[in-house]
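Enquirer: build me a model:
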Amino acid sequence: MDSTNSPFNQRRGMMFVLSSPSGAGKTSLSRALIEQDEHLILSISATTRPMRPKEEDGKDYFFIDESEFLNKASNDEFLEHAKVFDAHYGTPAKFVDQQLETGMDVLFDIDWQGTQRLRQKRAQDLVSIFILPPSMQELESRLRKRAQDDDDTVLRRMTKAAGEISHWDEYDYVIVNKDFDHSLEKLQAILDAERCKRIRRPGIKAFVDSL
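Expert: The predicted model follows:
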């Protein structure tokens, strides 16, 4: 009875959110999790910024012009959206809902403000995890080892990190990313446990009725 297409295995997907201050490992963990889990995909945002070399429409972003973006925003077609510098970014609700309906889980690499907006729209589908650094000293060390920013930028990121970390208690789970592999194992364990929740398994009733 427990075959791939059985009612027992029918499942609604979830929105799996990872947030952290810059340098805590959120993006690296997201990529590794996507690579090892075939039922997890990365959310694709719509944006008004120009397409960069090697980027693909519908894979990296949905590239649209500003008037179309603003029209979609006014029609409540985004789960969350924001303007960053001169470009708009938003999460298309239709794309996410289509994935959830087919049982795919959608991974979001967003900040605490975006997480709040997702919770307002789809609280029942949301699972949120905050990634903490083992210490502020280690966080600064990681930022400097990346060699992507000058000293002033590192200091700005460290100042911003304190504010972001203050929202840790708004999340369902908290992971201290001291060891990358261990943190990745914890994320996979959370995914597996959340997938077993009764509210995400609409096919269980039919399975039980058939016993």
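Enquirer: and for Trp168, the neighbour number?
Expert: 14 (other Cβ atoms under 10 Å). The way it works is simple: take the backbone N, C-alpha and C, and place the C-beta from them, glycine included.
Enquirer: correct me if wrong: it contacts Pro133.
Expert: No: using Cβ atoms under 8 Å as the test, Trp168 is too far from Pro133 to be in contact (11.3 Å).
Enquirer: give me the nearest residue to the residue nearest the centre of the chain, chain neighbours excluded.
Expert: Closest residue to the average C-alpha location of the chain: Phe108 at 1.4 Å, with Cα atoms, centre = their mean. Nearest residue to Phe108, sequence neighbours excluded (Cβ to Cβ, 6 or more residues apart in numbering): Val17, at 4.5 Å.
Enquirer: hey, C-alpha coordinates of the helix or strand harbouring Glu68 in CSV?
Expert: For Glu68, the host element (DSSP states H and E) is helix 66-74. Only the C-alpha atoms of helix 66-74 are listed here, as CSV (Å, rounded to 0.1, in the frame of the first residue of the first chain):
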residue,chain,number,x,y,z
GLU,A,66,8.6,47.9,-13.3
SER,A,67,5.1,48.6,-14.5
GLU,A,68,4.3,44.9,-14.6
PHE,A,69,5.9,44.4,-11.1
LEU,A,70,3.9,47.2,-9.6
ASN,A,71,0.7,45.9,-11.2
LYS,A,72,1.3,42.5,-9.7
ALA,A,73,2.0,44.0,-6.3
SER,A,74,-1.2,46.0,-6.4
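Enquirer: give me the buried positions along the helix or strand of the chain with the lowest mean pLDDT.
Expert: Least confident helix or strand, the chain: helix 204-210 with a mean of 85, by mean pLDDT, DSSP states H and E. By neighbour count on 16 or more other Cβ atoms under 10 Å, the buried set for helix 204-210 is Ile204, Phe207.
Enquirer: for stretch 190-204, same thing?
Expert: Those buried within stretch 190-204 under the rule 16+ other Cβ under 10 Å are Ile190, Leu191, Glu194, Arg195, Arg200, Arg201, Gly203, Ile204.
Enquirer: from memory Ile190 sits against Tyr173, does it?
Expert: Yes: counting by Cβ under 8 Å, Ile190 touches Tyr173, with 5.7 Å between them.
Enquirer: for the closest residue to Gly58 other than its chain neighbours, helix, strand, or coil?
Expert: Leaving aside its sequence neighbours, Gly58 sits nearest to Ile44 (Cβ to Cβ, 6+ apart; 7.1 Å). Look at Ile44: counting by DSSP: H, G, I helix; E, B strand; the rest coil, its state is coil.
Enquirer: next, the contact list for Ile44, please.
Expert: Gly58, Lys59, Asp60, Tyr61, Phe62, Pro92, Phe95 (Cβ atoms under 8 Å, 6 or more residues apart in numbering).
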